[in-house]
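*Asks:* have a look at this prediction, sequence included:
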Amino acid sequence: MNFEHARFNMIEQQIRPYGVVDPGVRQLLMTVRREDYVPPEMRPLAFADIEIPLPCGQVMLKPAIEGRILQTIGTQHTKSVLEVGTGSGYFAALLAANADHVHTIEIDPELAKFARNNLSNNGVSNVTVEEGDASQGWYTQAPYDVIVVSGGLPEIPEELLLQLKPEGCLFAFTGASPAMKACVILRSSKKADQPPALFETVVPMLRHVPQMPIFNF
C-alpha cells in the first residue's frame, strides 16, 4: 500500500472539504504518520473516514475531526498541553509537534501502554502518558496553555476551566448523540468566555462522566 498517496488523499478528500484550510495543519498531518499509531491489522484503513477501533473498546476519531480540532486550537508553539483521552497516542503526537510538553491521560492501562509504545517507536519524547480519570482535569501539571478533551462530556466541568492559564484555550465535545457540539473556550484573566458551537458531530463519551437525562414525551 502506498501510504504517502493515501495520506495525501485523506487530506484532500476528507480533511480539506471539512473546512480545514490551514496549511500548517495540513503539513502537520502529512508529517505525523497516522499508520504508525493504529493497531497493525488496521493499517490498511489508517486513512479511512471511520473511527478506527482500538483496544479496550475505544476508537480513534475520524481524520476530519482531528483536523478541525487542530485548526481550532491553532498550530502556534505553546508550552504545556493537557489531552484528556490518549487513545493510540496519535493526537498526542500531533499536539507535541507544536508544544514544549504534552501530558496525556488515559483511563485504560492497556491502551496507555499501547500509546506509550507508539510514541516511543516514533521518537516522540515530549509526551508523558499517565493512567487515570481526567474527566475533571489533571491538577498535577496544571495550569495548561491548551486542554483538549477527545471524548464527549455532558457539559464542561468548572474544574477543567480552572486548570487553564489566562488566555489559554480548551476544546471539548459537549451534549449527547445524535448532535454533540464541538466548542472552544478561551479564558481571559477574569473569566472564561464560551463562543457558539463550532460544528456538530458525534464522538464516544468519556468514561465515568454523568449521562444526560433522556426525556420521553
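*Replies:* On my side now, so go ahead.
*Asks:* okay but P166 is in contact with S188, surely?
*Replies:* Yes: in this structure, P166 is within contact of S188 by CB atoms under 8 Å, at 6.6 Å. Just so you know, the C-beta spots here come from the backbone N, C-alpha and C atoms, and that holds for glycine as well.
*Asks:* in a helix, H103, correct?
*Replies:* No: assessed with DSSP: H, G, I helix; E, B strand; the rest coil, H103 is strand; it does not lie in a helix.
*Asks:* show me what contacts it?
*Replies:* Going by CB atoms under 8 Å, 6 or more residues apart in numbering, H103 touches 80-83, 127-128, 130, 138, 140-141, 144.
*Asks:* helices along the chain, start to end?
*Replies:* 3-10, 23-31, 63-73, 90-96, 109-121, 158-162 (DSSP state H).
*Asks:* adding mean pLDDT, mean neighbour count and distance to H103, write those helices out as TSV.
*Replies:* What follows is the helices of the chain, written out as TSV (pLDDT from 0 to 100; neighbours: other CB atoms under 10 Å; distance: least, CB to CB, whole Å):
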stretch	mean pLDDT	mean neighbour count	distance to H103
helix 3-10	96	15	27
helix 23-31	96	16	20
helix 63-73	95	22	15
helix 90-96	98	26	9
helix 109-121	98	18	12
helix 158-162	90	16	14
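*Asks:* mind checking which of those is nearest C183?
*Replies:* Distance to C183, taken as CB to CB, is lowest for helix 63-73 among those, at 9.1 Å.
*Asks:* how far away from the center of its chain is that closest one?
*Replies:* Between the centre of helix 63-73 and the centre of its chain there are 8 Å (CA atoms, centre = their mean, to the nearest Å).
*Asks:* for P55, which of the helices of the chain is the nearest?
*Replies:* helix 109-121 (5.3 Å).
*Asks:* what's the burial count for Y18?
*Replies:* Y18 sits with 17 neighbouring residues when counted by other CB atoms under 10 Å.
*Asks:* which ones are touching the residue nearest to it when sequence neighbours are not counted?
*Replies:* With sequence-adjacent residues excluded and distances taken as CB to CB, 6 or more residues apart in numbering, Y18 is closest to A64, at 3.9 Å. Residues in contact with A64, defined by CB under 8 Å, 6+ apart, are 14-15, 18, 20, 49.
*Asks:* so which of those residues is the most crowded?
*Replies:* I15 (25 neighbours).
*Asks:* just the pLDDT for that residue.
*Replies:* Looking at I15, its pLDDT reads 96.
*Asks:* roughly how far apart are it and V21?
*Replies:* Distance from I15 to V21, counting by CB to CB, to the nearest Å: 10 Å.
*Asks:* ok, the nearest residue to N118 once chain neighbours are set aside to M180 distance?
*Replies:* Ranked by CB to CB, 6+ apart and with sequence neighbours excluded, the top spatial neighbour of N118 is G89, at 4.3 Å. To M180, G89 is 23 Å away according to CB to CB.
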